[in-house]
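*Asks:* Have a look; sequence and predicted model below, questions after that.
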Amino acid sequence: MTAGMKLNTNMNEEAQEVDLTAVKPYGDALNDGMVQMSFTLPVPPGLEATEAAKQIVLKQGFKDPNVVYSKGLGIPYTYFIVYAKMPATIDYTKIYVPKVDTEVLSRGEVEEFIKENIGRDIVIVGACTGTDAHTVGIDAIMNMKGFAGHYGLERYEGIEAINMGSQVPNEELVAKAIEVNADAILVSQVVTQKDAHIPNLAELVELVEAEGIRDKVILACGGPRVGYELAKELGYDAGFGQGTFAEDVGTFVAEKVAEKIKAQKGE
């Protein structure tokens with residue numbers, strides 16, 4: 001898409017043009033810049049608190065702030081919902097987001113790819129590691145029932161998926177991967193207060209390297225605050241954020257395993 005290209009949208013039965021080089025939020029009308037935000041201030045509720053909320057918003061560069069809701073929190077703190085207008089725009093045509101660069105295959109296509117290009121089961125070991133007790137991420141990718149109508153890797157023919165659950169020490173995950181001769185290790189991190197996921201993910205990479213299996217396994221991690229760029233910086237092959245399903249991970253792992261097999265054969 002080139003600079004200056006415009007996108008036709010249909011709103012209120014009238015075609016309107018969106019300039020993708022100068023995009024701003026949409027509220028009541030195109031390009032009005034209207035946004036809704038919420039925050040808490042450590043001040044007691046009242047007229048002074050409402051004025052403080054408006055001034056906070058104005059100092060961020062927003063225009064015409066309107067406090068539409070406020071409520072005391074039982075202590076001298078107040079919660080606000082504010083509408084305001086954003087004057088700034090962004091050039092959508094120049095946005096680049098590092099991500100897994102592959103055409104996602106369907107479950108059936110992944111299974112067929114494995115048959116044709118690998119000829120054996122792919123072994124994938126996954127867990128929610130460290131102190132994180134939330135399995136929603138790893139279960140969505142690995143459990144047979146999957147998530148939102150997308151079946152998990154346990155249901156895929158040609159994939160042996162081993163889900164170790166939550167609060168798994170990195171040492172145990174690596175030991176299991178070695179035991180089953182895993183092709184890939186998947187790590188989910190959901191609870192990430194104070195960036196606790198970063199040292200935990202880094203530690204896993206260090207353990208894999210110390211065991212001398214880094215070149216043998218594919219490392220992938222995922223979670224609400226885990227993206228492709230961060231994953232690569234930490235030494236992973238890929239990172240999968242929100243909106244990821246089993247077919248995204250299955251496609252990536254299958255293609256990487258096939259690449260490793262070809263490299264071993266010297267092809």
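*Replies:* On my side now, so go ahead. Numbers count the residues shown, from 1 in each chain.

*Asks:* what ranges of the stretch 151-267 of the chain fall below the confidence cut-off?
*Replies:* Low-confidence segments of the stretch 151-267 of the chain (pLDDT under 70): 191-193, 267.

*Asks:* what about the strands in it?
*Replies:* Counting by DSSP state E, counting those that start in this stretch, the segments of the stretch 151-267 of the chain that form strands are 159-163, 184-188, 218-222, 238-240.

*Asks:* Starting from the third one, tell me which strands it pairs with and how they run.
*Replies:* Spelled out, it's strand 218-222. strand 184-188 (parallel), strand 238-240 (parallel) (DSSP bridges).

*Asks:* contacts for the last one?
*Replies:* Residues from elsewhere that reach strand 238-240, judged by C-beta atoms under 8 Å, 6 or more residues apart in numbering: 100, 218, 220-222, 226-232, 248-249, 252. (C-beta placed from N, C-alpha, C; glycine too.)

*Asks:* with those in mind, which one is nearest to Ser106?
*Replies:* Proximity of the contacts of strand 238-240 to Ser106 (C-beta to C-beta) peaks at Asp248, which lies at 11.1 Å.

*Asks:* State the next helix or strand along the chain beyond the one helix or strand Pro65 maps to.
*Replies:* According to DSSP states H and E, Pro65 maps onto strand 63-72. Remark: after strand 63-72, the chain's next helix or strand is strand 78-85, criterion DSSP H and E.

*Asks:* any idea of the angle that next one forms with strand 63-72?
*Replies:* Taking axes from the mean of the first three to the mean of the last three C-alpha atoms, to 10 degrees, one finds strand 78-85 and strand 63-72 inclined to each other by 160 degrees.

*Asks:* Can you tell me what sits against strand 78-85?
*Replies:* Contact with strand 78-85 is made by 27, 32-41, 43-45, 49-50, 53-54, 57, 62-73, as judged by C-beta under 8 Å, 6+ apart.

*Asks:* Stretch 145-152 too?
*Replies:* Contact partners of stretch 145-152, identified using C-beta under 8 Å, 6+ apart, comprise Arg107, Asp139, Ala140, Ile141, Met142, Asn143, Met144, Arg155, Ala161, Phe245, Ala246, Glu247.

*Asks:* Make a markdown table out of these and add neighbour count and distance to Glu206.
*Replies:* Formatted as a markdown table, the contacts of stretch 145-152 follow (neighbours: other C-beta atoms under 10 Å; distance: C-beta to C-beta, whole Å):
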| residue | neighbour count | distance to Glu206 |
| --- | --- | --- |
| Arg107 | 21 | 34 |
| Asp139 | 21 | 26 |
| Ala140 | 20 | 27 |
| Ile141 | 28 | 24 |
| Met142 | 26 | 24 |
| Asn143 | 19 | 28 |
| Met144 | 14 | 32 |
| Arg155 | 17 | 33 |
| Ala161 | 23 | 25 |
| Phe245 | 19 | 29 |
| Ala246 | 25 | 28 |
| Glu247 | 21 | 30 |
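
*Asks:* can I get those residues in TSV with distance to Ile198?
*Replies:* Formatted as TSV, those follow (distance: C-beta to C-beta, whole Å):
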residue	distance to Ile198
Arg107	32
Asp139	23
Ala140	22
Ile141	21
Met142	23
Asn143	26
Met144	31
Arg155	32
Ala161	26
Phe245	25
Ala246	25
Glu247	27
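
*Asks:* Greatest separation within the residues you listed: which pair is it?
*Replies:* In the contacts of stretch 145-152, two members sit farther apart than any others by C-beta to C-beta. They are Arg107 and Asp139, at 16.8 Å.

*Asks:* Do a quick rundown of the helices in the stretch 1-150 of the chain.
*Replies:* For the stretch 1-150 of the chain, the helices defined by DSSP state H, counting those that start in this stretch occupy 47-59, 107-117, 136-142.

*Asks:* picking up where we left off before, go through the strands paired with strand 218-222 and pick out the most buried.
*Replies:* Greatest average neighbour count among the strands paired with strand 218-222 goes to strand 184-188 (a mean of 28), per mean count of other C-beta atoms under 10 Å.

*Asks:* CA atoms of that one as CSV?
*Replies:* Below are the C-alpha coordinates for strand 184-188, written out as CSV (Å, rounded to 0.1, in the frame of the first residue of the first chain):
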residue,chain,number,x,y,z
ALA,A,184,10.0,-27.8,19.9
ILE,A,185,9.6,-26.2,23.3
LEU,A,186,6.6,-23.9,23.9
VAL,A,187,6.4,-21.5,26.8
SER,A,188,3.4,-19.5,27.9
